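*Asks:* Mind looking at a prediction? Sequence and model below.
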Amino acid sequence: NSESIIEKSSLNNRISNCVKEAIPPALKTGSWLLSITVPVSFLVFILKITGILQIIAHFFTPIFSFMGLPGESAIVFTTACLLNVYSSIAVIQTLGLAGRVVTILALMCLISHNLPVESMVQKRTGSSAIKMILIRLLSGFAGAVILNKILPPDSPGISDTFAKTSVLARGFTVEFQLWAVGMLRLCIKIMVLITLLMIFQRILEEFGVTGFLSRILKYPLMILGVPHQAAFLWIVANTLGLAYGSGVMMDHIKRGKISRSNVNILNYHVAISHSLLEDTLLFVAIGVSAWWITIPRLALAAVVVWSKRFIDMFFKK
């Protein structure tokens, strides 16, 4: 009895420590993300009410219509490419996009986001930044075209969270109030989600779950073309993300735990499919089906990795 009480107390202490350690960096990270997300959303709001957005949308409509998207989707995609998923979600909310359009955009943004930072991170681990950017952009557009063909018109997993409304029918004050309330809700969601995810990550590390998962996933990952030596780093890229996980990746390379050639192969995969937990949940929180933004990413990543392997096999010495 006394032993079980001690064990329970020790378990509670370990979990409590994980929570205490996770909250400060979560608040810091969340505040930094919101300092980018809110201004970007407000800028798009101004473009929307001044009519400039309609001009931009008209210009991009012929290109984005191939993917079943309206022209203003270009604003969302560009925001994702230059900044992050959080900012692109804020723009989606500001524009009032809904349904399958949001699902297709979600896939594009999940593949092609934060390109300046993440491509430089991949360059540090031995891959060409330009190649990574091109692969992500091409995969993003290819994924959108394919998803537009196979996504049902009224998929049950997708909610019309953001309904289209006339901006001119309501005054600036009403529009601003709607934007402010929407942003406040989104900010709360972001802060809560980041905090919970960071606590979850700390608990995984504390109890050795990450290492356990990497051993289990070794062989399934080989089907996707990822070397079994890279299983642990795959877990890191999908829990911490590329930017935050780069330190762990560099440490593994320096200590000789994985070769640069295997890291390069891994980079081709994670360029298209990473942060499967956090980034996916962000879009699920606004009504997107996890199925439609997870399976296509893994499939595209597998195609790219195996193509890379075959090219290396037949065209390189």
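*Replies:* Structure received. Residues are numbered from 1 along each chain as shown.

*Asks:* Quick check: K48 vs L134, distance?
*Replies:* Separation of K48 from L134 (CB to CB, to the nearest Å): 31 Å. For the C-beta atoms, the positions are set from N, CA and C on the backbone; glycine is no exception.

*Asks:* and S128, how many neighbours?
*Replies:* The burial count assigned to S128 is 14, neighbours taken as other CB atoms under 10 Å.

*Asks:* Show the backbone phi and psi for it.
*Replies:* phi -70, psi 120 (degrees, to the nearest 10).

*Asks:* Looking at it now. What's its pLDDT?
*Replies:* You'll see S128 listed with a pLDDT of 93.

*Asks:* what's the distance between it and V209?
*Replies:* To V209, S128 is 33 Å away according to CB to CB.

*Asks:* thinking again about what came up before, more neighbours, K48 and L134?
*Replies:* Here K48 and L134 are set side by side on neighbour count (other CB under 10 Å), and the busier one is K48, at 21 against 13.

*Asks:* Could you verify my assumption that the more buried one touches T94?
*Replies:* Yes - the pair formed by K48 and T94 meets the contact definition of CB atoms under 8 Å, at 6.6 Å.

*Asks:* from what I can see W179 touches V44, true?
*Replies:* No - applying CB under 8 Å as the test, W179 and V44 come out as separate, 9.4 Å apart.

*Asks:* okay, these two: which has more neighbours?
*Replies:* Just comparing W179 and V44: by other CB under 10 Å the higher neighbour count belongs to V44, 24 against 20.

*Asks:* just for the protein, where's the confidence low?
*Replies:* Using pLDDT under 70 as the threshold, the predicted model of the chain has low-confidence ranges 1-3, 6, 154-170, 244, 316-317.

*Asks:* longest helix of it?
*Replies:* helix 2-50 (DSSP state H).

*Asks:* Run the chain-centre distance for it.
*Replies:* The chain centroid and the centroid of helix 2-50 are separated by 17 Å, computed with CA atoms, centre = their mean, to the nearest Å.

*Asks:* Give me the most central residue, this protein.
*Replies:* Averaging the C-alpha coordinates of the chain gives a centre point, and the residue nearest to it by CA atoms, centre = their mean is D279 (3.6 Å).

*Asks:* Just give the closest residue to that one, not the sequence neighbours.
*Replies:* Closest residue in space to D279, ignoring its immediate chain neighbours: V85 at 5.1 Å, by CB to CB, 6 or more residues apart in numbering.

*Asks:* hey, where'd the strands end up in the stretch 51-200 of the chain?
*Replies:* With strands called from DSSP state E, counting those that start in this stretch, the stretch 51-200 of the chain shows none.

*Asks:* which residues of it fall in helices?
*Replies:* Taking DSSP state H, counting those that start in this stretch as the criterion, the stretch 51-200 of the chain carries its helices at 52-64, 73-82, 85-95, 99-111, 115-124, 129-150, 172-206.

*Asks:* Count residues in the vicinity of F310, would you?
*Replies:* By the other CB under 10 Å criterion, the neighbourhood of F310 contains 11 residues.

*Asks:* Kindly indicate whether it is helix, strand or coil.
*Replies:* Each residue gets one of three states, and F310 gets helix by DSSP: H, G, I helix; E, B strand; the rest coil.

*Asks:* Check H274 too.
*Replies:* Classification of H274 into helix, strand or coil gives coil, according to three-state DSSP.

*Asks:* From H113, how far out is the residue lying closest to it once chain neighbours are set aside?
*Replies:* Take H274 and drop its neighbours on the chain: the residue closest to it by CB to CB, 6+ apart is A237, 4.5 Å away. Going from A237 to H113 by CB to CB gives 14 Å.

*Asks:* now V121
*Replies:* In this structure, V121 lies at 13 Å from H113, with CB to CB as the measure.

*Asks:* more crowded one of these two?
*Replies:* Comparing V121 with H113 by neighbour count (other CB under 10 Å), the higher total belongs to H113, at 26 against 23.

*Asks:* you'd agree the more buried one is up against S88?
*Replies:* Yes - counting by CB under 8 Å, H113 touches S88, with 6.8 Å between them.

*Asks:* who touches both of these two?
*Replies:* Counting by CB atoms under 8 Å, 6 or more residues apart in numbering, the common neighbours of H113 and S88 are A80.
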